[in-house]
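1. predicted model, plus sequence, below.
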Amino acid sequence: MIVHFIAIGGSAMHNLAIALSRKGAQVTGSDDEIFEPSRSRLAKQGILPENLGWDSTRISSDIDAVILGMHARADNPELLRANELGIKIFSYPEYLYEQSKNKIRIVIGGSHGKTTITSMLLHAVNKLSINVDYMVGAQLEGYDCMVKLSDESKYMVLEGDEYLSSPIDRRPKFHLYKPHVAIISGIAWDHINVFPTFENYVEQFETFCTLIEPNGTLIYNLEDSEVAKLGVKFRRQLTTIAYNTPVFAPKENGTQLEWEGSSYSLEIFGPHNLQNLIGAMKLAESMGIQNHDFLLAMEDFTGAGKRLQKVAEGTSFTMFKDFAHSPSKLKATTTAVKHQYPKRTLIACMELHTFSSLKKEFLSHYEGAMSRADHALVYFNPKVVEHKKLEPITKEQVLDGFGGKVTVVTSTDEVFKFIKQFSMDESVLLMMSSGNFDGIDYDKLGEELCVTH
């Protein structure tokens, strides 16, 4: 089997390429730029392209399949040549479906919580020695590849992203997986460059529900009003299972959870994380895993990568970093930290970095998103706005969008100045971004603050 990847350097693409190579396929690929860690991982597997750039001569009739990444364009010369030769072209979600046609597919969907729920489920099945194939959109600790493909496993666990599949396939990725068991954790408008209205965005999740296999299962978050509507709408066609946040109590370095007469000591914390935990438990239940066994397996789970990840800790100071950038994620993350540390001062900094977050029309959706923080900062770089070819935004517009209770800055130096004006005694610093505030070294900052406080 010879498979060629166009845009092999992408986050999901390079993981799939490595997984296929490990499964025994002959993998080739191309890209016009490949960054770390993709470059090193591809090189270690022996499938890093020798030269950067596109070259139609790489495409020959002996190739069995071409997998097209989102980074490529519709007029890519290798894609055009593959079409000329009649080679089958897949987006990576299409190919994942091809690889899991004969498995029970479990798909985790939702605007937020996908990676956390997926990593919780994988943590449990690994502890319980259950063999599963998987695809996760983020890098998780302890994994050298976020895609696993085999002929032996009964299950395929897929993180179901609602973004587009490829330059020539405008369907959301999670529409291609056809799950037997699906979960929707929450719906909060995102990717507004693709889904211009909230109604259009919600429609993608409704379509997702129609694509669940006959006699399949929909697990849904009862506390999210839009998700709950879908649970009601599809209860006649599918087995529908609702979940919500359990009763729990914060404790030092984690949470005490009471469930069905037993007590479990967990390292994770915050209402949203506990809600995700129950969603993951319901998925595990669909695989025949008992609730007690799942919760025992979760006692040493520390969280998904870049999701409330502890950076530094002193006697009375803790620093976290988090991937949060959308309004719902900011609210969930700041709420979780304040719930865990109610007597500490919460200093929260976030970076507007994604296309949606930097769009002037979207800013009003951030109102109150950081209201649980005692001191809140919002950072954006006007050059990033320009690079994304968006209409310029002003500090005043950002301030209005957040409800006027934040400090807005446009330089990394101002971020440092904001943080260092506070005493960090009895405080928590929360850094939230899908970037890094244009060059902040979180580990170094955490180390400095621990020494000085």
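-> Here it is on my side, so go on.

2. lowest-pLDDT helix or strand in this protein?
-> Lowest on mean pLDDT, DSSP states H and E among the helices and strands of the chain sits helix 442-452, with a mean of 89.

3. may I have that one as PDB, with CA atoms only?
-> Output of helix 442-452 as PDB, limited to C-alpha atoms (Å, rounded to 0.1, in the frame of the first residue of the first chain):
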ATOM      1  CA  TYR A 442       5.700  30.200  30.600                       C
ATOM      2  CA  ASP A 443       8.200  28.000  32.500                       C
ATOM      3  CA  LYS A 444      10.600  30.800  32.900                       C
ATOM      4  CA  LEU A 445       7.900  33.200  34.000                       C
ATOM      5  CA  GLY A 446       6.600  30.700  36.500                       C
ATOM      6  CA  GLU A 447      10.000  30.000  37.900                       C
ATOM      7  CA  GLU A 448      10.700  33.800  38.400                       C
ATOM      8  CA  LEU A 449       7.400  34.300  40.200                       C
ATOM      9  CA  CYS A 450       7.900  31.400  42.500                       C
ATOM     10  CA  VAL A 451      11.300  32.800  43.500                       C
ATOM     11  CA  THR A 452      10.100  36.300  44.100                       C
END
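
4. now do that helix: distance to the chain's middle.
-> Centre-to-centre, helix 442-452 and its host chain are 27 Å apart (CA atoms, centre = their mean, to the nearest Å).

5. residues of it that come out buried?
-> Neighbour counts over helix 442-452 (16 or more other CB atoms under 10 Å) mark 442, 445, 446, 448, 449, 450 as buried. (C-beta placed from N, C-alpha, C; glycine too.)

6. also stretch 48-58?
-> 48, 49, 54, 58.

7. ok, which pair from the residues you listed is furthest apart?
-> Farthest pair in these (CB to CB) is 48 and 54. Separation: 15.8 Å.

8. got a pLDDT number for residue 20?
-> Here the pLDDT value assigned to residue 20 is 97.

9. in terms of helices and strands, where is residue 398?
-> Under the criterion of DSSP states H and E, residue 398 resides in helix 395-401.

10. and the residue nearest in space to the middle of the chain, what does it touch?
-> The centre of the chain sits closest to residue 115, judged by CA atoms, centre = their mean, with a distance of 4.5 Å. By CB atoms under 8 Å, 6 or more residues apart in numbering, the residues touching residue 115 are 136, 137, 138, 140, 159, 304, 305, 307, 323.

11. let's go with 6 Å and repeat that
-> Residue 115 makes contact with 138, 304, according to CB atoms under 6 Å, 6 or more residues apart in numbering.

12. ok but it is inside a helix, no?
-> Yes: per DSSP: H, G, I helix; E, B strand; the rest coil, residue 115 lies within a helix segment.

13. show me where the stretch 51-200 of the chain dips below the pLDDT cut-off.
-> Counting by pLDDT under 70, the stretch 51-200 of the chain shows no low-confidence range.

14. now the strands for it?
-> With DSSP state E, counting those that start in this stretch, the ranges of strands along the stretch 51-200 of the chain come out as 65-68, 88-91, 104-109, 132-135, 147-148, 155-160, 164-166, 169-172, 181-184.

15. ok, residues contacting the first one?
-> With contact meaning CB under 6 Å, 6+ apart, strand 65-68 is reached by 3-6, 82, 87-92, 95, 166.

16. so what touches the least confident helix or strand of the chain?
-> Applying CB under 6 Å, 6+ apart, the contact partners of helix 442-452 are 311, 312, 314, 319, 321, 424.

17. go again using 8 Å as the cut-off
-> For helix 442-452, contacts defined as CB under 8 Å, 6+ apart pick out 311-314, 317, 319, 321, 416, 419, 424, 429, 431, 436.

18. mind giving me the PyMOL command for buried ones among those?
-> Buried residues within the contacts of helix 442-452, by 16+ other CB under 10 Å, are selected in PyMOL with:
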select buried, resi 311+312+314+317+319+321+419+424+429+431
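
19. now for the contacts of helix 442-452: which two are most distant?
-> 314 and 436 (22.1 Å).

20. hmm, residue 8 is touching residue 17, no?
-> Yes: in this structure, residue 8 is within contact of residue 17 by CB atoms under 8 Å, at 5.4 Å.

21. who has more neighbours, the two?
-> residue 17 (31 against 26; other CB atoms under 10 Å).

22. Provide the contact partners of the helix or strand hosting that one at residue level.
-> For residue 17, the element it lies in under DSSP H and E is helix 11-23. Helix 11-23 is contacted by residues 3, 5, 7-8, 27, 29, 34, 38, 41-42, 45-47, 67, 69, 71, 92, 95-96, 135, 137, 145-150 when judged by CB under 8 Å, 6+ apart.

23. got phi/psi on residue 129?
-> Here is the backbone geometry of residue 129 (degrees, to the nearest 10): phi 60, psi 40.

24. what about it, neighbour count?
-> Residue 129 has 6 neighbouring residues, counting by other CB under 10 Å.

25. can you check residue 21 too?
-> Counted with other CB under 10 Å, residues neighbouring residue 21 total 19.

26. contacting residues for the closest residue to it other than its chain neighbours?
-> Spatial nearest neighbour of residue 21, excluding adjacent residues (CB to CB, 6 or more residues apart in numbering): residue 27 at 4.5 Å. Listed by CB under 8 Å, 6+ apart, the contact partners of residue 27 are 3, 4, 5, 17, 20, 21, 47.

27. ok so the third one is a strand residue?
-> Yes: going by three-state DSSP, the assignment for residue 5 places it inside a strand.

28. apart from its chain neighbours, what residue comes closest to it?
-> residue 29 (3.8 Å).

29. out of the buried residues of stretch 48-58, which one sits closest to residue 205?
-> Using CB to CB, those come closest to residue 205 at residue 54, 35.2 Å.

30. do you know how far the closest one is from residue 406?
-> 44 Å (CB to CB, to the nearest Å).

31. now do the helices in the stretch 51-200 of the chain.
-> Along the stretch 51-200 of the chain, the stretches classed as helices by DSSP state H, counting those that start in this stretch are 77-85, 92-99, 114-127, 198-210.

32. if you compare those, which one is most tucked away?
-> Ranked by mean neighbour count under mean count of other CB atoms under 10 Å, the helices of the stretch 51-200 of the chain are led by helix 114-127, which reaches a mean of 24.

33. dump it to CSV, restricted to CA.
-> What follows is helix 114-127, C-alpha atoms only, in CSV (Å, rounded to 0.1, in the frame of the first residue of the first chain):
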residue,chain,number,x,y,z
LYS,A,114,-13.4,17.4,23.1
THR,A,115,-9.8,16.9,23.8
THR,A,116,-10.3,16.5,27.6
ILE,A,117,-13.1,13.9,27.2
THR,A,118,-11.1,12.0,24.6
SER,A,119,-7.9,12.0,26.8
MET,A,120,-10.0,10.9,29.8
LEU,A,121,-11.4,8.0,27.9
LEU,A,122,-8.0,7.0,26.5
HIS,A,123,-6.5,7.2,30.0
ALA,A,124,-9.1,4.8,31.4
VAL,A,125,-8.9,2.3,28.6
ASN,A,126,-5.1,2.2,28.8
LYS,A,127,-5.2,1.7,32.6
